[in-house]
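Asker: Let's see this in three dimensions:
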Amino acid sequence: MDSVDEMARQRNVSIARLQGLEVATISIDCAKPVDVGFYAKEKARFVNPLSWLPKAEIRPGLFAYGKQAPNVAHAVAADSDLCAALDVLLTRYAFAVEWCDASLHARVNTWTGTIDGDSTGGERFLSNLETVARRLGDIAQGRSQVGANLSTRAFGPTWFRNRAMVGGLLTGFLGAFLFLFAVIGFSALRRMMH
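Answerer: A predicted model of the protein is given here:
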């Protein structure tokens, strides 16, 4: 049996491994700005800092969030294969699946499971990820049973994650600058007092 990395390469999926997190990314046939997240109710154990974003129920236990969520949820709900694949990803592997423009990201917490941690060695995960990407591409291209209005502003989990990362970097630099400024000022003050 091939390794999960080899199977991923064959399906044009990239897997990034960070401490405690695996992120699988696959491209979607989409030229429109999209920023929507998907989650399953039972996987939403932790407090979601983005819980105030618009949410839409796709099916019982399956949700979309982000400004475009209501439009996307309606189109996703009409595709039973897409719903089934999302359900498998979100209940067995990923805590979140996010569609950002022409990419689909599945975020897997390695403390609760891994991409290749089942009897298929990752085949089930990758197959369902591929199905979700293909079906979302159909929605984006207007080839699905129900269309989704993607003309609303893309404002969802990826937008906030990017801003949080930039904000964290800026806060770190500002903190280091203020610390250095305080140390230099304290040294100068000590010299003046002696």
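Asker: The residue lying farthest from the centre of the chain: what's it in contact with?
Answerer: Largest separation from the mean C-alpha position in the chain: His194, at 57.3 Å (CA atoms, centre = their mean). Contact analysis of His194 by CB atoms under 8 Å, 6 or more residues apart in numbering lists nothing. (Glycine included, C-beta is placed from N, CA and C.)
Asker: confidence score at it?
Answerer: We have a pLDDT of 70 for His194.
Asker: any idea how far it lies from Ala188?
Answerer: For His194, the distance to Ala188 equals 11 Å [CB to CB, to the nearest Å].
Asker: One more: Arg9?
Answerer: 58 Å.
Asker: what's around Phe125, how many residues?
Answerer: Number of residues near Phe125 (other CB atoms under 10 Å) recorded here: 30.
Asker: Equivalent analysis for Asn71, please.
Answerer: Asn71 has 21 neighbours, counted by other CB under 10 Å.
Asker: and what of Ala69?
Answerer: So Ala69, with other CB under 10 Å, has 24 neighbours.
Asker: give the contact list for it.
Answerer: Val36, Gly37, Leu53, Pro54, Lys55, Ala56, Phe63, Gly156.
Asker: okay, now the domains of this structure?
Answerer: 4-154, 156-194 (automatic domain parsing).
Asker: three-state assignment of Ala31?
Answerer: Put simply, Ala31 is coil when judged by DSSP: H, G, I helix; E, B strand; the rest coil.
Asker: Enumerate every residue touching it.
Answerer: Ala102, Ala140.
Asker: Next one: the residue most central in space within the chain from Glu6, what distance?
Answerer: Nearest to the centroid of the C-alpha atoms of the chain, with distances taken as CA atoms, centre = their mean, sits Glu98, at 3.5 Å. As judged by CB to CB, Glu98 and Glu6 stand 25 Å apart.
Asker: same check, this time on Glu57
Answerer: 37 Å.
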